[in-house]
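Engineer: pasting a predicted model and its sequence here:
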Amino acid sequence: AQKITQTQPGMFVQEKEAVTLDCTYDTSDPSYGLFWYKQPSSGEMIFLIYQGSYDQQNATEGRYSLNFQKARKSANLVISASQLGDSAMYFCAMREGPSYNTDKLIFGTGTRLQVFP
Amino acid sequence: DAGVTQSPTHLIKTRGQQVTLRCSPKSGHDTVSWYQQALGQGPQFIFQYYEEEERQRGNFPDRFSGHQFPNYSSELNVNALLLGDSALYLCASSLSQVLAKNIQYFGAGTRLSVL
């Protein structure tokens, strides 16, 4: 079974609009971390935002926020006020287990976001 | 503050050859992880090095091996290359801390083509 599922292969959004990228995960471990990375065509994976399984509040980092719904096992990324430079692949990833035990990240297949003027 | 650097950026090899990829972690980081990203896929974890030892390994054959040096830099070696080894190889570094986020920061990768 897929541990990280990103069901949107591609998304389009107009500049200055908000967009939500979906991510669902599967784990039986009570301790885990969820990450979103951006990968431009250059190849580098750029860290965007982190949510720990025990965090009480949804994570926010500037224009990025994470809509964490633990019971539904979803961790959707919300990008507000989209910019042309946001066009890239976006990957959701999970660290399954506590950070002192593992650093291994499990990635989804990604969503390609295209922002148009 | 230098980020994660990888070399070379591109590499072309033929089947059966051996290759070595290099990674320098972000300043202050002590842990290096390697990932393989095939075209159109998400990265797959190969292994992680901490204190010069392999700490965790993904589902990759023994043809994939690595090393970490005292300055925390790392190498990934792949022997007996197969066509299926063609991919983007990403290095990520982090600071190993108990009860921390342990965020991994990635380099731009080495694109390996096996002919």
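Structural biologist: Here it is on my side, so go on.
Engineer: got a list of what whatever residue of chain B ends up closest to chain A touches?
Structural biologist: Closest to chain A within chain B is residue B:42: 3.2 Å, counting by C-beta to the nearest C-beta. Bear in mind the C-beta positions are built from the backbone N, C-alpha and C, glycine included. Neighbour list for residue B:42: A:4, A:91, A:93, A:107-110 [criterion: C-beta atoms under 8 Å, 6 or more residues apart in numbering or on different chains].
Engineer: also residue B:15?
Structural biologist: Contacts of residue B:15 by C-beta under 8 Å, 6+ apart are B:81-83, B:114-115.
Engineer: try 6 Å this time
Structural biologist: residue B:81 (C-beta atoms under 6 Å, 6 or more residues apart in numbering or on different chains).
Engineer: gap between it and residue B:109?
Structural biologist: 22 Å (C-beta to C-beta, to the nearest Å).
Engineer: go on, residue B:35?
Structural biologist: When C-beta to C-beta is the yardstick, residue B:35 and residue B:109 sit 9 Å from each other.
Engineer: name the residues contacting each of those two.
Structural biologist: With C-beta under 6 Å, 6+ apart, residue B:35 and residue B:109 have common neighbours residue B:90.
Engineer: pull up the gap between residue A:55 and residue A:65, please.
Structural biologist: 13 Å.
Engineer: more neighbours: the two, which one.
Structural biologist: Neighbours were counted for residue A:55 and for residue A:65 using other C-beta atoms under 10 Å in any protein chain shown; residue A:65 has more, 19 against 14.
Engineer: make sure that one is actually in contact with residue A:78.
Structural biologist: Yes. Counting by C-beta atoms under 6 Å, residue A:78 is a contact partner of residue A:65 at 4.7 Å.
Engineer: return the residues in contact with the closest residue to chain B within chain A.
Structural biologist: For chain A and chain B, the shortest gap (C-beta to the nearest C-beta) falls at residue A:107, measuring 3.2 Å. Each residue near residue A:107 by C-beta under 6 Å, 6+ apart is listed here: A:91, A:93, B:42-43.
Engineer: quick check, nearest of these to residue B:24?
Structural biologist: residue B:43 (18.9 Å; C-beta to C-beta).
Engineer: what about the strands in chain A?
Structural biologist: Secondary structure of chain A (DSSP state E): strands at A:4-5, A:10-14, A:19-21, A:24-25, A:32-39, A:46-52, A:60-61, A:64-69, A:74-79, A:88-96, A:105-107, A:111-116.
Engineer: turn these into CSV, including mean pLDDT.
Structural biologist: What follows is those, written out as CSV (pLDDT from 0 to 100):
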stretch, mean pLDDT
strand A:4-5, 97
strand A:10-14, 97
strand A:19-21, 98
strand A:24-25, 97
strand A:32-39, 96
strand A:46-52, 96
strand A:60-61, 96
strand A:64-69, 97
strand A:74-79, 98
strand A:88-96, 95
strand A:105-107, 96
strand A:111-116, 98
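Engineer: which one of the ones you listed lies nearest to residue B:93?
Structural biologist: Among those, strand A:46-52 comes nearest to residue B:93, with 11.5 Å by C-beta to C-beta.
Engineer: what angle sits between the closest one and strand A:64-69?
Structural biologist: For strand A:46-52 against strand A:64-69, the angle by axes from the mean of the first three to the mean of the last three C-alpha atoms, to 10 degrees is 30 degrees.
Engineer: list the buried residues in strand A:46-52.
Structural biologist: A:47-52 (16 or more other C-beta atoms under 10 Å in any protein chain shown).
Engineer: a markdown table please, covering these and showing distance to chain B.
Structural biologist: Below are these laid out as a markdown table (distance: C-beta to the nearest C-beta, whole Å):
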| residue | distance to chain B |
| --- | --- |
| A:47 | 6 |
| A:48 | 10 |
| A:49 | 10 |
| A:50 | 5 |
| A:51 | 10 |
| A:52 | 7 |
